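Engineer: Here is my input; please provide its structure:
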Amino acid sequence: MTKILVVEDESIIAVDIKNKLEDLGYIVSKIVSNGKDAIKSVSEVDIDLVLMDIILQGNMDGIEAAREIKKYIDIPIVYLTAHSDKKTVKRAKLTGPFGYIIKPFSDEILRSTIEIALYKHKMDSKIKYIGAHDSLTGLYNRTYFEEEISKLESEKINPVRVIICDLDGLKLINDTLGHIIGDKALKTAAKIMEENVRVDDIVAIIGGDEFAILLPNTPKQDVKQVYERIKGSYNDHISSSITKIPWSVSMGYAAADVDIGINEAQKLAEDYMYREKLGKSQSSRSNISKILKKILEERDHETAEHLDRLDTIALRFAGKLSLSEPHIHDLSLLAKFHDIGKVGIPDEILFKPTSLEKEEMRIMQRHSEVGYRIANSTSQLSPIAEFILKHHEWWNGKGYPFGLKGKKIPLESRIISIIDAYDAMVHERPYKKAFSPEKALREIKKCSGIQFDLYLVEEFIDMMEKSGII
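Structural biologist: The predicted structure follows:
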C-alpha cells in the first residue's frame, strides 16, 4: 500500500486529509506542519509520496521544502494549495512536482492525482535508470560515469581512486562459444566488481569489455586492497567455475588528487592495465585455446582419442613423406587443433544422428572459420591458422570455405583431410558403424582426385599396407 507524508500546517485540514487518504486505502506515515520537519521526515520515515501544502508555518514554505527534499531523495511531491496565481505556479514548477491539488478538493481528485503522480514517477524512474545503466550488466554506463567525474571534480573531492578492468579474450569467447556465453562472462565480471566495493563507489561499464570504478575519499592502501580483492575473486571464480569459461582480467589503478584530475588518473590506470594485458596476452590466449580444446573434448569423449590417433598417424605419414621438422611440428599441431572451431557449434547440430539440413550444414561449416580465428589469436597456433581454415577444401574445388582446387590447398590441410577421413571411417559413432581398414582405404582411393590429393592418397595407402594394418 502507498505510504504518504502529509505536510499541512492547519491541524483540522491535516486530519481531514488523513481521513480521506485512509478511506481511499492509503497509509499516512506521518503528518508535519512545517518545511524543516518535512525535510527531516523524508529521511526517517518510509514514504512513497509527499502531499505538500505550499503555505506553511515558519520561514520555509512548501516550495522551498520541496526543493531541499529533491536534493536528497527522488520522491514524487504533489502540492496542496488554495493559491494558484501565476507567480506561485511558476515557482512550484521549478521543483518538478508530480501534481497540484487546489483546495477544496473531492476524494476522486485526490485519488486520481496521487495515482497519476505515482505512475509518472515510476515511468520517470524507469527512464532515468535506462539512461544511466547498461542494459546487460545493470552497471552504470559511460554517460553516467562521465557525469560523476564532472560532479566529483566540481565538488573538489580528493583523493578519488580509479580502477580500470578489462575482460581479456571476450571477442574470442563471443566468436567461439557464442554471445550468450560472452554475455554471461560480462555479467559475472560485473557482479564480482559490485561485491568488492563500497555502496557509494561508482562501478560502470565504459566499453564493450572495459569496466571502471570510482572510489571517492579512498586512501592508497585501501584501493590496493580493493584491487587485490577483485583480482582474487576473479581467480577464485575462474578456478571453481563448472562452466570453464576461458576468461581472465587485466587491471590497473591510479589516484586523482589536487595535482592530477580524474580523467588523467583514468588514463594512467588504463596505461597500467594495458601493460598488464600486454605482459600476459600471449600466455593468456594460449591458455584460452587449450581450454577451448578441453571443452570440445569434454563435450565428446571420443574427440580426445580421435585427436591422439590423428597425431600418431600424422607423424608416421610425415616421416613417409620426408617432411621437414617445421612441417612435422605444424602437422602435429594441426592434428590436435584442426577441429577446434567445433567448440562454437551447438550440440544439437554437432551430435545429430541423422543428415544435417541445409541451414545446419551451413552452421557446421563455420567451424573452420571459427577455428581460424581462434588459431590467429595466439602465437602458438597462428602458424597453422590457414591450414585449419582450409582443411575441408577438396582437390576438385568442391570443398569449403573458398572452393580452392589442387595444390592451392596447403599441403598440411590436404594431409590432415585424408587422415581425418580414414580415422572417422574405421571407428564407430552413434550415427554410423565402423568400416574395416580395407573398406576405409577403398573409400579414400575412390575419392582420390575428387576430395583428396591423388599422390598423397597413393602414399597413404602404401604406408598403411606396409604397416601391416591391412
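Engineer: ok, and for the strand or helix carrying residue 18, which residues are buried?
Structural biologist: Residue 18 is located in helix 11-23, with elements delineated by DSSP states H and E. By 16 or more other CB atoms under 10 Å, the buried positions in helix 11-23 come out as 13-14, 17-18, 20-21. C-betas here are computed from N, CA, C, even on glycine.
Engineer: I'd like those written out as a markdown table, with pLDDT and distance to residue 353 added.
Structural biologist: What follows is the buried residues of helix 11-23, written out as a markdown table (pLDDT from 0 to 100; distance: CB to CB, whole Å):
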| residue | pLDDT | distance to residue 353 |
| --- | --- | --- |
| 13 | 94 | 79 |
| 14 | 95 | 77 |
| 17 | 96 | 73 |
| 18 | 96 | 72 |
| 20 | 96 | 71 |
| 21 | 97 | 68 |
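Engineer: Among those, pick out the one closest to residue 204, please.
Structural biologist: residue 21 (40.4 Å; CB to CB).
Engineer: mind listing the strands for the protein?
Structural biologist: Applying DSSP state E to the chain gives strands spanning 3-7, 27-32, 49-53, 77-81, 99-102, 160-168, 202-205, 210-216, 248-256.
Engineer: now those strands as a markdown table including distance to residue 145 and mean pLDDT?
Structural biologist: Shown next, in a markdown table, are the strands of the chain (distance: least, CB to CB, whole Å; pLDDT from 0 to 100):
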| stretch | distance to residue 145 | mean pLDDT |
| --- | --- | --- |
| strand 3-7 | 33 | 97 |
| strand 27-32 | 35 | 96 |
| strand 49-53 | 31 | 96 |
| strand 77-81 | 29 | 93 |
| strand 99-102 | 33 | 91 |
| strand 160-168 | 10 | 93 |
| strand 202-205 | 4 | 97 |
| strand 210-216 | 6 | 96 |
| strand 248-256 | 14 | 90 |
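Engineer: quick one: low-confidence parts of the chain?
Structural biologist: Along the chain, segments meeting pLDDT under 70 span 83, 239-247, 279-293, 295-302, 430-431, 468-470.
Engineer: how's it carved up into domains?
Structural biologist: 3-131, 142-284, 300-466 (automatic domain parsing).
Engineer: what's across from residue 6 in the sheet?
Structural biologist: With DSSP bridges as the criterion, residue 6 is bridged to residue 31, residue 51.
Engineer: so how far is residue 89 from it?
Structural biologist: To residue 89, residue 6 is 21 Å away according to CB to CB, to the nearest Å.
Engineer: ok, now residue 226?
Structural biologist: For residue 226, the distance to residue 89 - CB to CB - is 49 Å.
Engineer: What of residue 225?
Structural biologist: For residue 225 relative to residue 89 (CB to CB), the value is 53 Å.
Engineer: neighbour-wise, which of residue 226 and residue 89 wins?
Structural biologist: For residue 226 versus residue 89, neighbours defined as other CB atoms under 10 Å are more numerous around residue 226 (20 against 15).
Engineer: quick one, helices of the stretch 101-250 of the chain?
Structural biologist: Per DSSP state H, counting those that start in this stretch, the stretch 101-250 of the chain carries helices over the ranges 107-132, 142-154, 170-176, 179-195, 220-240.
Engineer: count of neighbours near residue 143?
Structural biologist: 13.
Engineer: try the one 3 residues further on
Structural biologist: Residue 146 is surrounded by 16 other residues when neighbours are defined as other CB under 10 Å.
Engineer: now it: how far from residue 211?
Structural biologist: Relative to residue 211, residue 146 is positioned 14 Å away (CB to CB).
Engineer: Residue 225 too?
Structural biologist: Distance of residue 225 to residue 211, given as CB to CB: 18 Å.
Engineer: what about those two, which has more around it?
Structural biologist: Using other CB under 10 Å, the more surrounded residue of residue 225 and residue 211 is residue 211, with 26 against 13.
Engineer: May I have the beta-bridge partners of that one?
Structural biologist: Applying DSSP bridges, one finds that residue 211 bridges with residue 165, residue 205.
Engineer: mind listing what it touches?
Structural biologist: 139, 164-167, 189-190, 193, 203-205 (CB atoms under 8 Å, 6 or more residues apart in numbering).
Engineer: now these in JSON lines, with distance to residue 308?
Structural biologist: Output for the contacts of residue 211, formatted as JSON lines (distance: CB to CB, whole Å):
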{"residue": "139", "distance to residue 308": "44"}
{"residue": "164", "distance to residue 308": "43"}
{"residue": "165", "distance to residue 308": "39"}
{"residue": "166", "distance to residue 308": "36"}
{"residue": "167", "distance to residue 308": "33"}
{"residue": "189", "distance to residue 308": "35"}
{"residue": "190", "distance to residue 308": "40"}
{"residue": "193", "distance to residue 308": "41"}
{"residue": "203", "distance to residue 308": "45"}
{"residue": "204", "distance to residue 308": "47"}
{"residue": "205", "distance to residue 308": "42"}
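Engineer: Return the member of these nearest to residue 341.
Structural biologist: Once CB to CB is applied, the member of those that ends up nearest residue 341 is residue 167, at 21.9 Å.
Engineer: I'd like the distance between the closest one and residue 177.
Structural biologist: 14 Å.
Engineer: Of the two, give the one with the bigger neighbour count.
Structural biologist: residue 167 (24 against 20).
Engineer: was I right about the more buried one contacting residue 188?
Structural biologist: No: using CB atoms under 8 Å, residue 167 is not in contact with residue 188, being 9.5 Å away.
Engineer: Go ahead and flag the most central residue of this structure.
Structural biologist: In the chain, the residue lying closest to the centroid (CA atoms, centre = their mean) is residue 186, at 2.6 Å.
Engineer: how near is that one to residue 170?
Structural biologist: On the measure of CB to CB, residue 186 and residue 170 end up 7 Å apart.
Engineer: what do these two both touch?
Structural biologist: By CB under 8 Å, 6+ apart, the residues touching both residue 186 and residue 170 are residue 209.
Engineer: where do the helices sit along the stretch 351-470 of the chain?
Structural biologist: 358-365, 367-376, 385-389, 411-426, 437-446, 454-466.
Engineer: helices or strands next to the fourth one in the packing?
Structural biologist: For helix 411-426, the elements it packs on are helix 301-320, helix 325-337, helix 385-389, helix 437-446, helix 454-466, judged by 3 or more CB pairs under 8 Å, 6 or more residues apart in numbering; DSSP states H and E.
Engineer: do that again at 7 Å, thanks
Structural biologist: helix 301-320, helix 325-337, helix 437-446, helix 454-466 (3 or more CB pairs under 7 Å, 6 or more residues apart in numbering; DSSP states H and E).
Engineer: chain center to it, what's the gap?
Structural biologist: 38 Å (CA atoms, centre = their mean, to the nearest Å).
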